[in-house]
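>>> what's the 3D shape of this:
(one chain, ligands or ions: 2)
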Amino acid sequence: MQTSVAIIGAGPAGLLLGHILGRAGVPFVILERSSREHVLGRIRAGVLEQGSVDIVTSLGLDAGLRERGLEHGGIHLQYEGQRRHVDFRDLVGRTVTIYGQQALVTDMLAEHERLGSTILFDADDVAPHGTDGPDPIVSYTLDGTRHELHADFVVGTDGYHGICRQSFPTGTLESYERSYPFAWLGILADVPPSTDDLIYALHPDGFAMHSMRSRTVSRLYLQVGPDESIDDWSDERIWDGLQTRLGLSGWTLEEGRITEKSITPMRSFVTSSLASGRLFLAGDAGHIVPPTGAKGLNSAIADVALLGRALLEQRAGDDAPLASYSDRALARQWQVQQFSQWMTELLHVHHEDPDASARAFRYRSQVGQLEYVTGSRNAMAGLAEQYAGLPF
Ligand code: FAS
Ligand code: PHB
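Ligands and ions are numbered 1, 2, ... in the order given. All right, here's what the predicted structure looks like:
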């Protein structure tokens with residue numbers, strides 16, 4: 001087989017890149033190791049920056065977003081019995097939209113199938129070769145038969161555990177990373193949200209968040225230990241934790257049937273380059289953020305917006321945007337990394353700190369920072385500007 005761009009991974013980054021290329025008539029093939037059902041079943045992010053909404057809309061993929069997306073004009077920061085609103089509209093004139101990653105992936109895949117895009121699910125042992133030369137090849141096994149796909153370019157949208165970053169020539173990449181001494185336990189519950197905007201809460205027991213997926217489905221998170229098992233968290237224990245950490249006098253957190261629960265470790269990771277010859281990385285394949293700043297999915301979309309445009313400009317004869325893609329995408333990503341780290345350290349409790357005095361000092365400092373941020377229009381504007389999304 002021959003194509004122009006071989007896309008490895010059918011997550012949000014790969015599916016969106018396919019639409020950007022397809023819209024411009026550029027041939028592509030998407031190779032996905034999981035089944036179609038597995039790709040559609042992943043429950044992950046929920047917040048879309050204005051820039052992400054604009055891209056999805058520009059590609060005509062926004063029907064579901066317009067019908068079921070929930071536009072939010074800010075977030076609540078809660079600590080020490082207070083809940084303070086950060087008003088994005090007032091501060092920076094922008095909003096965010098709550099629309100689950102699962103719904104966006106479903107919409108993008110449905111449109112690919114309507115258009116007849118070539119997406120190969122259940123593709124085993126996908127591997128890029130010869131990407132430092134003029135004729136890259138992606139080999140893969142489908143239904144027990146080995147195949148080779150010749151392409152002009154290969155894009156790794158295969159996530160943190162994918163094959164493409166590992167396919168860079170040995171010694172050409174550096175990894176910058178840190179892991180956090182906590183994880184997020186996330187639930188989906190069949191209960192209308194008890195809040196208008198998202199609530200991010202710092203509590204001595206740990207972080208908690210109230211998000212949502214629709215007017216009838218709530219999405220909530222609890223900080224748990226980094227090695228905890230979901231089997232140790234009964235529905236009752238989860239709701240107790242949420243009631244304790246989100247509770248506020250005069251306000252009720254409504255409970256409901258938990259339909260999904262999982263624990264996600266937290267890490268920050270950035271690779272030193274997103275390009276090697278004719279191989280490019282986009283999304284989680286190149287970087288990971290703790291979900292506190294709602295930047296994982298939005299970073300993937302931002303990378304693809306840059307890379308998609310650069311690939312189109314290369315076909316039009318201008319190689320410069322593709323040559324600078326990695327530097328430009330990583331420059332934006334480091335700004336996103338620092339914001340995600342800042343939000344995480346602002347709102348999570350370091351229970352692992354053996355020194356009780358140091359733990360107490362850190363907690364009081366966090367409260368002091370929240371007091372400053374929610375009391376300063378300038379500080380809130382900085383948070384709003386970054387949360388609502390830096391320009392692509
Ligand atoms: P993805 O990981 O989504 O997609 C990669 C795709 O490549 C997958 O379909 C995979 O099967 C495929 N693949 C991997 N290796 C392959 C190979 N060798 N060959 C072929 N295909 C291969 N972000 C937020 O903003 N908020 C959140 O609350 C949030 N929660 C998350 C919870 C979990 C459990 C995880 C893992 C991530 C979460 N994220 C969250 C981040 C997440 O949303 C990512 O940023 C987003 O999925 C990135 O999209 P992609 O880059 O497309 O990578
Ligand atoms: C979500 O709704 O899944 C969500 C919202 C905000 C975050 C992370 C996750 O920071």
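>>> Now do the same contact list for whichever residue of the stretch 1-150 of the chain sits closest to ligand 2.
Of the stretch 1-150 of the chain, the residue with the smallest distance to ligand 2, taken as Cβ to the nearest ligand atom, is Gly46 at 2.4 Å. For the C-beta atoms, the positions are set from N, CA and C on the backbone; glycine is no exception. Listed by Cβ atoms under 8 Å, 6 or more residues apart in numbering, the contact set of Gly46 reads 98-101, 211-213, 219, 294.
>>> Now render these as CSV, adding secondary structure and neighbour count.
Supplementary listing: the contacts of Gly46 in CSV, determined by DSSP: H, G, I helix; E, B strand; the rest coil; neighbours: other Cβ atoms under 10 Å:
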residue, secondary structure, neighbour count
Ile98, strand, 21
Tyr99, coil, 28
Gly100, coil, 26
Gln101, helix, 19
Ser211, strand, 23
Met212, strand, 25
Arg213, coil, 20
Arg219, strand, 22
Ala294, coil, 24
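>>> Of these, which fall within the contact range of ligand 2?
Within the set of the contacts of Gly46, contact with ligand 2 (Cβ under 6 Å from any ligand atom) is found for 211, 219, 294.
>>> Filter the residues you listed to keep only those in contact with ligand 1.
Checking those against ligand 1 by Cβ under 6 Å from any ligand atom, the ones in range are Ala294.
>>> And the ones next to ligand 2 among the contacts of Gly46, which is closest to Ala24?
Within the ones next to ligand 2 among the contacts of Gly46, distances to Ala24 taken as Cβ to Cβ reach their minimum at Ala294, with 29.2 Å.
>>> now the strands: where do they sit in the stretch 251-392 of the chain?
For the stretch 251-392 of the chain, strands defined by DSSP state E, counting those that start in this stretch occupy the ranges 257-271, 275-276, 279-281, 287-288.
>>> For the second one, give me every contacting residue.
The reference is to strand 275-276. 131-132, 167-169, 172, 281, 322, 325-326.
>>> same thing but at 10 Å, please
Strand 275-276 has contacts (Cβ atoms under 10 Å, 6 or more residues apart in numbering) with 128, 131-132, 154, 156, 164-165, 167-169, 172-173, 281, 286, 307, 310, 322-327, 329-330.
>>> Could you do the third one as well?
Applying Cβ under 10 Å, 6+ apart, the external contacts of strand 279-281 come out as 5-6, 8, 13, 17, 128-132, 136, 138, 153-158, 162, 164-165, 167-169, 173, 271, 273-275, 286-287, 303, 307, 310-311, 322, 325-326, 329.
>>> circling back to that earlier point, looking at the strands of the stretch 251-392 of the chain, which is closest to Val191?
strand 257-271 (7.5 Å).
>>> Now that closest one: buried residues?
By neighbour count, and taking 16 or more other Cβ atoms under 10 Å as the criterion, the buried residues in strand 257-271 are 258, 261, 263, 266, 268-271.
>>> mean confidence for it?
Taken as a whole, strand 257-271 carries a mean pLDDT of 97.
>>> same question, stretch 133-145
Taken as a whole, stretch 133-145 has a mean pLDDT of 97.
>>> Then stretch 33-45?
For stretch 33-45, the mean confidence score works out to 95.
>>> now check that stretch, is it near ligand 1?
Yes. Counting by Cβ under 6 Å from any ligand atom, ligand 1 is contacted by stretch 33-45 at 33-34, 39, 44-45.
>>> so Gly296 makes contact with Asp303?
No. The pair Gly296 / Asp303 is not scored as a contact, 11.3 Å apart, by Cβ atoms under 10 Å.
>>> Comparing these two, which residue is more hemmed in?
Neighbour count, other Cβ atoms under 10 Å: between Gly296 and Asp303, Asp303 has more, with 32 against 23.
>>> pLDDT score for Gln341?
At Gln341 the predicted local confidence, pLDDT, stands at 98.
>>> Do I have it right that it meets Arg178?
Yes. Gln341 is within contact range of Arg178, at 7.8 Å (criterion: Cβ under 10 Å).
>>> which residues do the two both contact?
Among the neighbours of Gln341, those also in contact with Arg178 (Cβ under 10 Å, 6+ apart) are 268, 290.
>>> Between those two, tell me which one has more neighbours.
Counting neighbours by other Cβ under 10 Å for Gln341 and for Arg178 shows that Gln341 has the greater number, 17 against 11.
>>> got a list of what Val92 touches?
For Val92, the contacting residues are 50, 380-389, taking Cβ under 10 Å, 6+ apart as the criterion.
>>> Tell me which residue in the stretch 101-250 of the chain sits closest to ligand 2.
At 3.2 Å from ligand 2, Ser211 is the closest residue in the stretch 101-250 of the chain, using Cβ to the nearest ligand atom.
>>> how much space is there between the residue in the stretch 101-250 of the chain that ligand 1 sits nearest to and Asp125?
Using Cβ to the nearest ligand atom, the point where the stretch 101-250 of the chain gets nearest to ligand 1 is Gly159, with a distance of 2.7 Å. Distance from Gly159 to Asp125, counting by Cβ to Cβ, to the nearest Å: 16 Å.
>>> Give the rounded mean pLDDT of stretch 64-84.
Model confidence over stretch 64-84 averages 97 on the pLDDT scale.
>>> Any idea how far apart the tips of that stretch sit?
Criterion Cα to Cα, to the nearest Å; first-to-last residue distance in stretch 64-84 is 31 Å.
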